[in-house]
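Trainee: heads up, no residue letters with this:
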C-alpha cells in the first residue's frame, strides 16, 4: 500500500525558512515523479514543485529561487526546502505521487502539513 506522510510544517516569521519532509512507503520514491502542492485558506490547490525520476526539477514561478525540492532515495523521503518565506506562502502543503516517472496524474496524496508565515 502506498503511503505518504508529510511533516515539518510550523509557524514561521516572514523571511524565515522551513524544510518539509514527505516519507514514502509502499513504493520506491525514485521510480515516480514526486510533487509538492499547497492549498491556501479559501483557495484551490496549487502546484508548487516537481522532481522527476531522473532528477529534473520544476517550480512554480511564485516559489522559484526560494524553494528547493529534493529527495533522499536511501530514506525514501522527499523534501521541500523553503527560504525567504512570505505570508502568501501560508497554506497546507501536500506531497503527491505522480503516475509516471516524468509526471502525469496524481495517484496518491499525503495528509498535508500546515505552514503559517506570520509575524
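Mentor: Yes, it's here. Note that the structure is predicted; figures quoted are calculated from it, not measured. Numbering: from 1, shown residues only.
Trainee: moving C-terminal of the one helix or strand residue 23 maps to, what's the next helix or strand?
Mentor: If you go by DSSP states H and E, residue 23 is part of strand 18-25. Using DSSP H and E, the helix or strand that follows strand 18-25 in sequence is strand 34-39.
Trainee: got the buried residues for that following strand?
Mentor: By 16 or more other CB atoms under 10 Å, the buried positions in strand 34-39 come out as 34-38. Using the backbone N, CA and C atoms, a C-beta is placed for each residue, glycine as well.
Trainee: Sheet-wise, list the partners of that strand with their directions.
Mentor: Paired strands of strand 34-39, with direction, are strand 45-51 (antiparallel), strand 91-98 (antiparallel) (DSSP bridges).
Trainee: Next one: the residue nearest the centre of the chain from residue 10, what distance?
Mentor: Ranked by distance to the mean C-alpha position of the chain (CA atoms, centre = their mean), the top residue is residue 36 at 2.7 Å. Applying CB to CB, to the nearest Å, the value for residue 36 to residue 10 is 16 Å.
Trainee: pLDDT wise, what is the residue nearest to residue 111 when sequence neighbours are not counted at?
Mentor: Excluding the flanking residues, the one nearest residue 111 by CB to CB, 6 or more residues apart in numbering is residue 6, at 6.7 Å. Residue 6 carries a pLDDT score of 97 in this model.
Trainee: likewise residue 30?
Mentor: So residue 30 comes in at 89 (pLDDT).
Trainee: ok, back up a step: buried stuff in the strand holding residue 23?
Mentor: Those buried within strand 18-25 under the rule 16+ other CB under 10 Å are 18, 20-24.
Trainee: Serialize those to a markdown table and add fields for distance to residue 92.
Mentor: Putting the buried residues of strand 18-25 into a markdown table (distance: CB to CB, whole Å) gives the following:
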| residue | distance to residue 92 |
| --- | --- |
| 18 | 13 |
| 20 | 11 |
| 21 | 15 |
| 22 | 13 |
| 23 | 17 |
| 24 | 19 |
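Trainee: which residues does the closest residue to residue 11 other than its chain neighbours contact?
Mentor: Nearest non-adjacent residue to residue 11, counting by CB to CB, 6+ apart: residue 116, 4.6 Å away. Residues near residue 116 by CB atoms under 8 Å, 6 or more residues apart in numbering: 9-12, 90.
Trainee: If anything else comes up later, I'll come back, but that's it for now.
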